[in-house]
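[1] Here is a sequence together with a model predicted from it:
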Amino acid sequence: MSKMMISCDKANHVCDKTQYKEATLWEKIKLNIHLIYCRACRKYSKNNATLTETIKKSDVECLDKKCKEAMKKNFNKALKKASN
Amino acid sequence: MPNHQIDPNKWIDRYSDYLFNFTISRVSDREKAQDLVQDTFLAGLKSMKNFKGEASERTWLISILKRKIIDHYRKINSNKGKAEVRINYKDSESEGDWLEERVADPFDKTAEDTLENSELGDAIHNCLEKLPNKQAEVFKMKTILGYETEVICNELNITASNLWVIIHRARTAMADCLKENWF
């Protein structure tokens, strides 16, 4: 039985991994057993899943690093020119 | 005495993601959106002396960006010669139909959904801005850009367990923030 029991920290970690589909089946089973008796982690799991869903449906976008770097390079040139 | 200070050195780090998200929900071409954001920063730099500090830097930049977006659409329209809308009905039978056709189609919810989603996108970016830089960066890379854990670790020079601690903190803060501002 002790193999099945995990701490809250571990449970939250597995829950985080689940949001990115990176938890293994065995980890998910252990998480679900933990959730049966732990109210705090149930709440965290619920909020966490809602967050994932919200982000997914929002189609929110951001720039990738390369693009931002290129933008900075360009902008800094103009900035130098402006301050001269 | 102006209430808000202007500091172009920090613009890209602070506002580029927010401006980009704002643009892409209105101009759905990624490359074009990037150009518009870049143009906005350059235009902002040129007209810095007009910044009176009444609004925040971000609001000020958004007002420039909005004009850039309108210009963009104007350009497309004049290129295509489609600036005017034409309605022709030839037969008398369909003559009275135009009014119905102009009323928003209740089954076509896309426009409304997009509007709502762009606001949700704004809310998400607002919450991201409240996070510490590192948390925001890791969260964006992992959750919005969808990078692999390994790629992020290499790029930012952190360990996997380090990444998961950061992700956990960011997710907790994001869930709380969105709960307050959105749900």
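    Nice, I can see it. Numbering: from 1, shown residues only, chains lettered A, B, ... in the order given.

[2] interface residues of chain A facing chain B?
    A:12-13, A:16-17, A:19-20, A:22, A:44, A:47-48, A:50-52, A:54-55, A:57-65, A:67-68, A:71-72, A:74-75, A:78-79, A:82 (C-beta under 8 Å from any C-beta of the partner chain). In this view, the C-beta of every residue, glycine as well, is placed from N, C-alpha and C.

[3] mind running it again at 6 Å?
    A:16, A:47-48, A:51, A:55, A:58-64, A:68, A:71-72, A:75, A:78, A:82 (C-beta under 6 Å from any C-beta of the partner chain).

[4] from the residues you listed, which ones fall inside helices?
    A:16, A:47, A:48, A:51, A:55, A:58, A:68, A:71, A:72, A:75, A:78, A:82 (DSSP state H).

[5] how many other residues sit next to the residue lying closest to residue B:182 once chain neighbours are set aside?
    Excluding its sequence neighbours, the residue lying closest to residue B:182 (C-beta to C-beta, 6 or more residues apart in numbering or on different chains) is residue B:123, at 4.8 Å. Counted with other C-beta atoms under 10 Å in any protein chain shown, residues neighbouring residue B:123 total 19.

[6] could you measure residue B:123 against residue B:21, distance?
    11 Å (C-beta to C-beta, to the nearest Å).

[7] thinking again about what came up before, what's the ChimeraX line that selects buried ones from the ones in helices among the residues of chain A next to chain B?
    Buried subset of these, written as a ChimeraX selection, criterion 16 or more other C-beta atoms under 10 Å in any protein chain shown:
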select /A:16,47,48,51,55,58,68,71,72,75
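
[8] Out of the ones in helices among the residues of chain A next to chain B, which is nearest to residue B:76?
    Nearest to residue B:76 among those, counting by C-beta to C-beta, is residue A:71 at 23.0 Å.

[9] hey, what's in contact with both of residue B:123 and residue B:21?
    Counting by C-beta atoms under 6 Å, 6 or more residues apart in numbering or on different chains, residue B:123 and residue B:21 have no contacts in common.

[10] What is the subsequent helix or strand relative to the helix or strand hosting residue B:19?
    Under the criterion of DSSP states H and E, residue B:19 resides in helix B:11-24. Next along the chain after helix B:11-24, taking DSSP H and E as the criterion, comes helix B:30-46.

[11] Report the buried residues of that next one.
    Residues B:33, B:34, B:35, B:36, B:37, B:38, B:40, B:41, B:42, B:44, B:45 are the ones in helix B:30-46 that count as buried (16+ other C-beta under 10 Å).

[12] Of the residues you listed, which pair is most distant in space?
    Across those, no pair lies farther apart than B:33 and B:45, at 19.2 Å, counting by C-beta to C-beta.

[13] thinking again about what came up before, near chain A at all, the helix holding residue B:19?
    Yes: judged by C-beta under 6 Å from any C-beta, helix B:11-24 and chain A are in contact via B:12, B:16, B:17, B:20, B:21, B:24.
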